[in-house]
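Undergrad: Whatever this is, show me its structure:
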Amino acid sequence: MTAPFLVLFAVFFVAPLVYSVWLSLKAGGTGQFAGLLNYRSVISNSEYWGGVQRMAYFGVIQVTAMIGLAIALALFLDSAYCKGRKFFALVYFLPYAVPGVIAAIMWAFLFEPDLNGALNIPHKLGLASGPISPLDYRLALYAIMLIVTWEFAGYNMTILLTSLTNVPRQIVEAARIDGCSELGIAWRIKFPLIRRTVMFTVILSIIGTLQLFNEPVLLNDIASVGSNYTPNQIIYNTAFSFGNEPLAAAQSVLLAAITIGATVAFYSIIRRRADPFAAARRLR
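TA: Numbers count the residues shown, from 1 in each chain. Below is the predicted model of the structure:
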């Protein structure tokens, strides 16, 4: 029964990864074996590491806000206060159904001061010297955070809401009988029981953050945020604008290593905090 998964995993993950590693050991243009020369070029590329640092900063703020919002929405929809749960669950999920390209274009229009009168309110109140432009280079990163949060908060909420359906109703009802409030039930009973699912959504979000591509590319065409804003943009430009596929492969392999490292580090930290006896076992 695992054979179909293993075949697809080998074809679409293992094989491309092996090919990328093999390609990264070649020299651009000549195709001759170059060893680790491409990796040395990537490591010494400050622009590449600037994109990685930018995405790390992006992830700390955006993933925290998005997962926090998803948890709050899921717990609210699963509470006794919510009426019309199916309707609101569908409404919150709908932004994920919008293609990322369309969502970025739509938000680009909303971020335009000439088209969105709300961006002129601070200027009219004397709080700003001019209309607020979220697509300005200094604010573009936060604009992308808002777009990505709008797109994926409902998706993560759906995963968490599905996990909440597995929480034993007997425990919830017993807590209500004991006088526990809905907020107390959500925080002390439901949230601890879906902690693993929360960790799963965070890991997916970390991976997605380092793969960010569509939104900055489209916003760059509209507001010139930069063609090398994220690591994926740099990899794309290296391969298709400059025609150096081996160097792009080295950048991709290194980005994959960073992604795996960040995921493993997060998982280890969370697991260590969740297990109070882990430190004692290590001392033994």
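Undergrad: pLDDT wise, what is the residue nearest to Leu110 when sequence neighbours are not counted at?
TA: Of all residues not flanking Leu110 in the chain, Asn116 sits nearest, at 5.5 Å (CB to CB, 6 or more residues apart in numbering). All C-beta atoms are positioned from the backbone trio N, CA, C, and that covers glycine. For Asn116, the model assigns a pLDDT of 83.
Undergrad: Asn116: neighbour count?
TA: Residues near Asn116, counting by other CB atoms under 10 Å, number 15.
Undergrad: Make 431 the first number, not 1, from now on.
TA: Got it, the first residue is 431 from now on, which makes the last one we talked about Asn546.
Undergrad: just checking, it touches Ala538?
TA: No. In this structure Asn546 lies outside contact range of Ala538 using CB atoms under 8 Å: 10.7 Å.
Undergrad: Looking at the protein, which helix is longest?
TA: helix 476-507 (DSSP state H).
Undergrad: How about the contacts made by Leu555?
TA: By CB atoms under 8 Å, 6 or more residues apart in numbering, the contact list for Leu555 is empty.
Undergrad: State the distance from it to Leu565.
TA: Leu555 is 21 Å from Leu565, where distance means CB to CB, to the nearest Å.
Undergrad: still on that earlier bit, can you point out the buried residues in the longest helix of the chain?
TA: 478, 481-482, 484-485, 488-489, 492-493, 496-497, 499-501, 503-507 (16 or more other CB atoms under 10 Å).
Undergrad: Does anything pack onto it? Which helices or strands?
TA: helix 515-527, helix 570-594, helix 625-640, helix 661-666, helix 675-704 (3 or more CB pairs under 8 Å, 6 or more residues apart in numbering; DSSP states H and E).
Undergrad: Output the next helix or strand after the first one in CSV with nothing but the alpha carbons.
TA: Yep, that's helix 515-527 we're talking about. For helix 515-527, the following helix or strand on the C-terminal side (DSSP states H and E) is helix 530-540. Backbone C-alpha positions of helix 530-540 (Å, rounded to 0.1, in the frame of the first residue of the first chain) are rendered in CSV as follows:
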residue,chain,number,x,y,z
GLY,A,530,-1.7,33.4,-5.4
VAL,A,531,-1.1,35.5,-8.6
ILE,A,532,-4.6,36.8,-8.6
ALA,A,533,-4.4,37.6,-4.9
ALA,A,534,-1.2,39.5,-5.3
ILE,A,535,-2.6,41.6,-8.1
MET,A,536,-5.8,42.3,-6.2
TRP,A,537,-3.9,43.4,-3.1
ALA,A,538,-1.6,45.5,-5.3
PHE,A,539,-4.6,47.6,-6.3
LEU,A,540,-5.8,47.8,-2.7
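Undergrad: Show me what helix 530-540 is packed up against.
TA: Contact here means 3+ CB pairs under 8 Å, 6+ apart; on that basis helix 530-540 packs against helix 570-594, helix 644-653.
Undergrad: Report the next helix or strand after that helix in sequence order.
TA: helix 551-554.
Undergrad: Kindly state the distance between the middle of stretch 666-679 and the middle of its chain.
TA: 24 Å (CA atoms, centre = their mean, to the nearest Å).
Undergrad: and it, what's its mean pLDDT?
TA: 92.
Undergrad: Please apply the same query to stretch 443-463.
TA: 90.
Undergrad: can you check stretch 693-700 too?
TA: Here the average pLDDT along stretch 693-700 is 87.
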